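Fold the stuff below for me.
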Amino acid sequence: MKLLFFISHIELSRNNRGDLHLHTHNEHEMLYCYEGESDKINSGDLLFYPAGQEHRLNCVSSETIKLMQIYFDEDLFSSTVNMEKEALFVLGQIKLYLKFNNSVSLSRIGSERVRKLFESMEWEFKNRYHGYSWTIRLKLIELLVTLMRDRDFIIPIRGEIAQPLSNSHIQDILFYINTNYMNKITIDTVLKFCPVSRSHLHALFKQETGTTFVRYLNEFRCNRARELLVTTSDSILEISLKCGFNNLSHFGHTFNTVVGMAPGIYRRNNIT
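Numbers count the residues shown, from 1 in each chain. Now for the predicted structure:
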């Protein structure tokens, strides 16, 4: 049976410093520190490790650090349900911008709300009354929305704080890009599921996102390429294809325009 979610407690101390080795897993991992302070994590902090990302939990402290831990798989959400489709979009945004910094900054109110959600999910997981999996799924959705709405959690989309989108068609397009960026995407592609004219779609997209459709798509793909250049040993050609570029020349030109340097130079400058 595939793991959809698992909830547990972790205690770290001088004698038990956690897993010091880099590792990955197929599920997303969130950790909430509810007691203790260390050199890297303090009470009220939230850590988020997307599926497939190498990481280690290693901190030094003279006292015991207590954390709640949740593993969950994206299959917990269904892309066919509108509410959960939006949750997947939120999760995609969070994964994208926490790729290199897994510590989530939250306001005091946001941190307390996250703690209560963790505690509630743990209670459901432990007692397993009828419908407990539905409840955990809904509370995970609430947690993701809590992160996106928290005043101290800033997601830098084109250098600005992400603003709520008022047009559901644009939400659908952004979700589609988030999940299909590796495939061929054109305006004609999205017009198949957005019942508006081509000119109206361009105007709506610019109004809601502050940029053009093509520029947004290129920036999204290049941001994904930046991650792969630093976190994998894939060739530049392999990365270009994985990010939806049909040839190496097009990838190099677009990446240089968006990032300001060639992919090879970016990789050399950012691998330590």
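
for the protein, which spans come out with low pLDDT?
Scanning the chain with the threshold set as pLDDT under 70 gives 1-3, 15-21, 60, 78-86, 96-100, 154-168, 272.

how far away is the closest residue to residue 216 other than its chain neighbours from residue 6?
Nearest residue to residue 216 in three dimensions, chain neighbours excluded: residue 209, at 5.8 Å (C-beta to C-beta, 6 or more residues apart in numbering). For glycine as for every other residue, the C-beta is placed from the backbone atoms N, C-alpha and C. For residue 209, the distance to residue 6 (C-beta to C-beta, to the nearest Å) stands at 36 Å.

These two: who's more crowded?
Between residue 209 and residue 6, counted using other C-beta atoms under 10 Å, the more crowded position is residue 209 (20 against 13).

Against residue 173, how distant is that one?
9 Å.

what's the spacing between residue 178 and residue 88?
With distances taken as C-beta to C-beta, residue 178 is found 8 Å from residue 88.

Likewise for residue 256?
Residue 256 sits at a distance of 31 Å from residue 88 (criterion: C-beta to C-beta).

residue boundaries of the strands in the stretch 151-272 of the chain?
Listed from the start of the chain, the stretch 151-272 of the chain has strands (DSSP state E, counting those that start in this stretch) covering 156-157, 160-161.

circling back to that earlier point, residue 256 and residue 88: who's more crowded?
Between residue 256 and residue 88, counting by other C-beta under 10 Å, residue 88 is the more crowded of the two (20 against 15).

That one: what's it in contact with?
Contact partners of residue 88, counting by C-beta atoms under 8 Å, 6 or more residues apart in numbering, are 74, 77, 79, 175, 178-179.

contacting residues for the residue nearest to residue 22 when sequence neighbours are not counted?
Across the structure, with C-beta to C-beta, 6+ apart as the measure, the residue nearest residue 22 apart from its sequence neighbours is residue 54 (4.7 Å). With contact set as C-beta under 8 Å, 6+ apart, residue 54 has these partners: 22-24, 231.

Then residue 94?
48, 144, 147-148, 155.

Which of these sits closest to residue 184?
Proximity to residue 184 was ranked across the contacts of residue 94 by C-beta to C-beta; first place goes to residue 155, at 26.9 Å.

In contact with residue 143, which residues?
Residues in contact with residue 143, defined by C-beta under 8 Å, 6+ apart, are 30, 114, 117-118.

let's go with 6 Å and repeat that
When contacts are counted by C-beta atoms under 6 Å, 6 or more residues apart in numbering, residue 143 is found next to residue 117.

hang on, it in a helix?
Yes - per DSSP: H, G, I helix; E, B strand; the rest coil, residue 143 lies within a helix segment.

From residue 150, how far out is it?
Separation of residue 143 from residue 150 (C-beta to C-beta) stands at 11 Å.

re earlier: please render the contacts of residue 94 as a markdown table that adds neighbour count to the earlier fields.
As requested, these are exported to a markdown table (neighbours: other C-beta atoms under 10 Å):
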| residue | neighbour count |
| --- | --- |
| 48 | 19 |
| 144 | 20 |
| 147 | 23 |
| 148 | 16 |
| 155 | 15 |
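
Mind checking which of the residues you listed are in helices?
Helix and strand membership here follows DSSP state H; of the contacts of residue 94, those in helices are 144, 147-148.

Residue 12 against residue 64, yeah?
No - because the distance of 7.0 Å does not satisfy C-beta atoms under 6 Å, residue 12 is recorded as not touching residue 64.
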